[in-house]
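Trainee: Here is a sequence with its predicted model. Questions after.
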Amino acid sequence: MKHLERLENISIHILREAYANLQNLGMLWSIGKDSTVLLWLARKAFFGHVPFPLIHIDTGCKIPEMIEYRDELVREWKLNMVYGMNEEAIEQGKTYNHGKISRIECCRMLKTEALRKTLEGRWKRYRFNHETDRYEEDPSKEPFTGVILGIRADEEGSRSKERYFSPRDEKSIWDIGEQPPEFWNYYNTDFRPSSHVRVHPLLDWTELDIWEYIKKENIPTVSLYYDRGEGKRYRSLGCHPCTFPVDSDAKDVDAVIRELRSGKFSNIAERSGRAQDEEDSGGLESLRREGYM
């Protein structure tokens, strides 16, 4: 079996196991290439239909093309899309962008806290209504007790410590030492009733695998990943105050793959352009322990 087919089979198996064993399941979609590949795999796993809601945490600082791309696919693929945000912090300007808090504190408020309370159903959630073609406040307050994420072990140190099925406590706190072992691809899907479970079907994929799969499957991606004539492109997408483009003349998927396989980025970490990682002593572990995606 070819490498990408093996990865695809493992990820689809994990997606089906999660759907079969976890209640109130959702899938986080950050709009980046990894979570879009995960969305593509979910559509393949369930024969074109995604049987659980997609969840996006909107920080109010996303690059506009990302939101446009999100909503184009929501309409085209008839996705059940939900988003949440820390409206109070954004309205009061308690963000790094307004110079009031550090990057890490901004991530903590706009991502970690927003994610936790969106999943718990304690804050407003907005669901896309395909009949009215707009987002409307979701009357459902039912919590999501399982969430699927498109993280990879090779992205940064703390993500390499995750399991395929990783439990958090009722406050989404991650105790790394208490994670169940997953020997020989066997994993546990039976957790305490109060547990919140994170599911990671892409742990074994690398950045190069992701791009080669995008090429193989012809998966649509945000134009920000490609040089549009300025000699720069984004290698990783996030909030505009903390995510910076890299120097690159890669104008399409083939050129991106060449850069990663043997070119200028073959030995440079993908998240080297994320300023908040440097502020967190080079990693995201402190944020992830508190519930960061």
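Mentor: Done, it's in. All figures in this text were calculated on a predicted structure; none of them were measured in a lab.

Trainee: Without its sequence neighbours, what residue ends up closest to V246?
Mentor: R235 (5.1 Å; CB to CB, 6 or more residues apart in numbering). The C-beta positions use only the backbone N, C-alpha and C, and glycine is treated the same way.

Trainee: meant to ask about D209, not that
Mentor: L7 (6.1 Å).

Trainee: For burial, what's the neighbour tally of the one you found?
Mentor: 22 (other CB atoms under 10 Å).

Trainee: and what of F46?
Mentor: 15.

Trainee: what's near enough to touch it?
Mentor: L15, R16, Y19 (CB atoms under 8 Å, 6 or more residues apart in numbering).

Trainee: I figured the residue nearest to D209 hits T206, correct?
Mentor: No - the pair L7 and T206 does not pass the contact test of CB atoms under 8 Å, sitting 9.4 Å apart.

Trainee: what's the longest helix in the chain?
Mentor: The longest helix of the chain (DSSP state H) is helix 3-21.

Trainee: Any buried residues in the helix or strand just after that one, and which?
Mentor: Using DSSP states H and E, the helix or strand that follows helix 3-21 in sequence is strand 25-28. For strand 25-28, the neighbour count (16 or more other CB atoms under 10 Å) marks L25, G26, M27, L28 as buried.

Trainee: now swap in stretch 214-229 and tell me
Mentor: Those would be I214, I219, T221, V222, L224, Y225, Y226, D227, for stretch 214-229 by 16+ other CB under 10 Å.

Trainee: go on, stretch 246-253?
Mentor: Here stretch 246-253 shows V246, S248, A250, V253 as buried, counting by 16+ other CB under 10 Å.

Trainee: from those, which ones fall inside strands?
Mentor: Using DSSP state E, the members of the buried residues of stretch 246-253 that fall within strands are V246.

Trainee: I'd like the buried residues of stretch 214-229 laid out as TSV, including secondary structure, distance to K161 and pLDDT.
Mentor: Listed next are those as TSV, based on DSSP: H, G, I helix; E, B strand; the rest coil; distance: CB to CB, whole Å; pLDDT from 0 to 100:
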residue	secondary structure	distance to K161	pLDDT
I214	helix	26	98
I219	coil	28	97
T221	coil	28	96
V222	coil	28	95
L224	helix	29	95
Y225	helix	27	95
Y226	coil	32	96
D227	coil	34	95
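
Trainee: do you know how far W174 is from G231?
Mentor: Per CB to CB, to the nearest Å, W174 is found 39 Å from G231.

Trainee: Tell me which of the two has more neighbours.
Mentor: Neighbour totals were compared for W174 and G231, and W174 leads with 21 against 11 (other CB under 10 Å).

Trainee: Could you list the residues in contact with the helix or strand harbouring E212?
Mentor: Taking DSSP H and E as the criterion, E212 maps to helix 207-217. Outside helix 207-217, the residues that touch it by CB under 8 Å, 6+ apart are 3-4, 7-8, 33-34, 37, 40, 152, 154-155, 202, 205, 219, 221, 253-254, 256-257, 260-261, 270.

Trainee: Give the next helix or strand downstream of that helix.
Mentor: Toward the C-terminal end, the helix or strand that comes next after helix 207-217 (DSSP H and E) is strand 232-233.

Trainee: Could you give the average pLDDT over that next one?
Mentor: In this model, strand 232-233 has an average pLDDT of 94.

Trainee: Parallel or antiparallel, list what pairs with it.
Mentor: Applying DSSP bridges to the sheet, strand 232-233 is found paired with strand 246-247 (antiparallel).
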